[in-house]
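Asker: next comes the sequence, and after it the predicted model I'd like to discuss.
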Amino acid sequence: MPDTLGVATRRYGRHARRAETLLASILMTGHRPLPFDPIARAARLWSDRIGSSGTMAAVTSVMRVQQILQSAADAALRPLNLTFARYEALVLLSFSRQGALPMRVMGERLQLHPTSVTNIVDRLEKDDLVKRTPHPTDRRTTLVAITEAGRELMQAATTAVTEVRFGLTGLDDAELTQLTALLAKVRLAAGDFDADGED
């Protein structure tokens, strides 16, 4: 992606920023930008025919942005043969004190069903990025430990996704903080986490 945008910068000269924006949009979403905002248009029709469109427009916008971000992350990680879910698992393990966690804890931290965690670990283990090890004091518990190869790939993947800002462009640092806080309010209201619990 950076090489493609570099070509656009040289080719379009003073119009480079516009060319970069266009190319980035095509690469992230797989199609050229629409000449209008379909969500804004839908909101107007909703207001005319149904009623207040605030919630509908906000939810539809969040869902569309999720698609854009997922597409960007997948595109960045695909050359490394990783999905975002497997990347998150590697990051989680690398952040742990011992580089290893019980699968149950991984599921809680990643907010995934145990079956999904098992599938992720199976694939990572197949690629020698993690290994299952016995718990030193609890024979009923299996630990998942990140390997050196897993750490190296996680670092390369982190570089890949941060270079494209995880696909989240158009916001400055203050706006990112504001967005995170607003989304946290939605998550809290939905019971996604306990505000009085530990970080």
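Answerer: Great, that's in hand. Residues are numbered from 1 along each chain as shown.
Asker: isn't Leu80 up against Leu153?
Answerer: Yes - shown here, Leu80 and Leu153 form a contact pair, counting by Cβ atoms under 8 Å, at 6.3 Å. (Glycine included, C-beta is placed from N, CA and C.)
Asker: higher neighbour count, these two?
Answerer: Neighbours around Leu80 and Leu153, counted as other Cβ atoms under 10 Å, are more numerous at Leu153. The numbers are 23 against 16.
Asker: any idea which element the more buried one lies in?
Answerer: helix 148-163 (DSSP states H and E).
Asker: and that helix, how far out from the chain's middle?
Answerer: With Cα atoms, centre = their mean, to the nearest Å as the basis, helix 148-163 stands 14 Å off its chain's centre.
Asker: helices and strands of this protein: which one bottoms out on pLDDT?
Answerer: Within the chain, judged by mean pLDDT, DSSP states H and E, the helix or strand with the poorest mean is helix 2-12; its value is a mean of 42.
Asker: just the pLDDT for Pro136.
Answerer: On the pLDDT scale, Pro136 is placed at 82.
Asker: could you do the one 3 residues further on as well?
Answerer: According to the model's per-residue confidence, Arg139 sits at a pLDDT of 77.
Asker: show me what contacts it?
Answerer: Not one residue lies near Arg139 by Cβ atoms under 8 Å, 6 or more residues apart in numbering.
Asker: helix, strand or coil: sort out it for me.
Answerer: Of the three states, Arg139 takes coil under DSSP: H, G, I helix; E, B strand; the rest coil.
Asker: the chain - how does it break down into domains?
Answerer: 1-33, 81-159, 171-199 (automatic domain parsing).
Asker: so Leu101 makes contact with Leu92?
Answerer: Yes - applying Cβ under 8 Å, one finds Leu101 in contact with Leu92, separated by 7.0 Å.
Asker: the more surrounded of those two?
Answerer: Leu101 (21 against 17).
Asker: just give me how far the helix or strand containing the more buried one sits from the chain centre.
Answerer: Following DSSP H and E, one finds Leu101 within strand 100-102. Centroid separation between strand 100-102 and its chain, computed with Cα atoms, centre = their mean, is 22 Å.
Asker: that one packs against which elements?
Answerer: Counting contacts by 3 or more Cβ pairs under 8 Å, 6 or more residues apart in numbering; DSSP states H and E, strand 100-102 packs against helix 84-95, strand 142-146.
Asker: checking Gln98 next. Helix, strand or coil?
Answerer: coil.
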